[in-house]
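Undergrad: structure for this input, please:
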Amino acid sequence: MEFITRLGAGTLEQFRGWGHAANFFLDLLRAIPASLRRFRLVVAQVYAIGNRSLIIIMASGLAVGFVLALQMYYALVTYGAAESLGLIVNLSLVRELGPVVTGLLFAGRAGTSLTAEIGLMKAGEQLAAMELMAIDPKARVLAPRLIGGIVSMPLLAALFSAVGILGAYVVAVLLIGVDDGNFWSIMQTRVDVFRDVGNGIVKSFVFGVICTVVALYQGYETDATPEGVAYATTRTVVISSLWVLGSDFVLTALMFSTA
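TA: This next block holds a predicted model:
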């Protein structure tokens, strides 16, 4: 009986937490119009979240393109299908690897930065001071960062895929010797802009919302202590990564189930 009581209490607490997070998200959505009037704040957050993530995104995209081209070539050449290398690499990047890997990197770099920043502002009572001055911290601090994350994520994912394709071209054409024209022509004729590239953009947009909201929520709700901020940054990476991977499966099943 005691086990059932604890299980029920834990379940209710979990649902209470989900409801609180949902209300937090709705509050952020309602604060977006007011934040858009502070356009300079939004631009500053796009720079802080997106531009400062370029190095790790580009380096990772290039490395993934190198390895993907190498592995796919050795697999395809066995069946005499090396001419499909450009197509396989492109579809892998724009459909899956670009949005997913960028989402995971975004959670680890930008997400932890947002959580730590908001957590330290809460620990320093800056958010409480704003509320005392009748300034909504969600509209003044959190919503611009949400917009910055939503704008930055699709751009970073597109850049990751583009750099990955360039890296695959270097390995496949310049190092291995795959025909240059064949590498690009099959990619241009078999990749659909709306179905493949468009769905990848939709995925990256969803991942941007997930990672940014999780990061802001963890920072806003953290305990105002150094240990609380450290724990919140860890939770940001773990929760964002799990949500990205889970939602990727759901989105893939919805987008390509009728292929």
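
Undergrad: remind me, longest helix of this protein?
TA: In the chain, taking DSSP state H as the definition, the longest helix is helix 2-36.

Undergrad: going on from that one, what's the next piece of helix or strand?
TA: Next along the chain after helix 2-36, taking DSSP states H and E as the criterion, comes helix 39-49.

Undergrad: that following helix: how far from the chain's middle?
TA: 17 Å (Cα atoms, centre = their mean, to the nearest Å).

Undergrad: please enumerate residues in contact with it?
TA: 35-36, 110, 113-114, 140, 144-145, 147-149, 151-152, 212 (Cβ atoms under 8 Å, 6 or more residues apart in numbering). C-beta: built from backbone N, CA, C; applies to glycine.

Undergrad: what angle do it and helix 2-36 make?
TA: Interaxial angle of helix 39-49 relative to helix 2-36 (axes from the mean of the first three to the mean of the last three Cα atoms, to 10 degrees): 120 degrees.

Undergrad: now do the very next helix or strand once past helix 39-49: which elements does it pack against?
TA: Going down the chain from helix 39-49, the next helix or strand is helix 54-77, by DSSP H and E. For helix 54-77, the packing partners by 3 or more Cβ pairs under 8 Å, 6 or more residues apart in numbering; DSSP states H and E come out as helix 85-91, helix 98-106, helix 143-169.

Undergrad: single out the most deeply packed of those.
TA: Greatest average neighbour count among the helices and strands packed on helix 54-77 goes to helix 98-106 (a mean of 26), per mean count of other Cβ atoms under 10 Å.

Undergrad: tell me which other helices or strands that one touches.
TA: Applying 3+ Cβ pairs under 8 Å, 6+ apart, we find helix 98-106 packed against helix 54-77, helix 143-169, helix 198-220, helix 226-256.

Undergrad: still on that earlier bit, could you dump the contacts of helix 39-49 to JSON lines with distance to Leu104 and pLDDT?
TA: Formatted as JSON lines, these follow (distance: Cβ to Cβ, whole Å; pLDDT from 0 to 100):
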{"residue": "Ser35", "distance to Leu104": "27", "pLDDT": "82"}
{"residue": "Leu36", "distance to Leu104": "29", "pLDDT": "82"}
{"residue": "Ala110", "distance to Leu104": "11", "pLDDT": "89"}
{"residue": "Ser113", "distance to Leu104": "15", "pLDDT": "90"}
{"residue": "Leu114", "distance to Leu104": "15", "pLDDT": "90"}
{"residue": "Arg140", "distance to Leu104": "30", "pLDDT": "84"}
{"residue": "Pro144", "distance to Leu104": "24", "pLDDT": "89"}
{"residue": "Arg145", "distance to Leu104": "19", "pLDDT": "90"}
{"residue": "Ile147", "distance to Leu104": "21", "pLDDT": "91"}
{"residue": "Gly148", "distance to Leu104": "19", "pLDDT": "90"}
{"residue": "Gly149", "distance to Leu104": "14", "pLDDT": "90"}
{"residue": "Val151", "distance to Leu104": "19", "pLDDT": "91"}
{"residue": "Ser152", "distance to Leu104": "15", "pLDDT": "92"}
{"residue": "Thr212", "distance to Leu104": "14", "pLDDT": "92"}
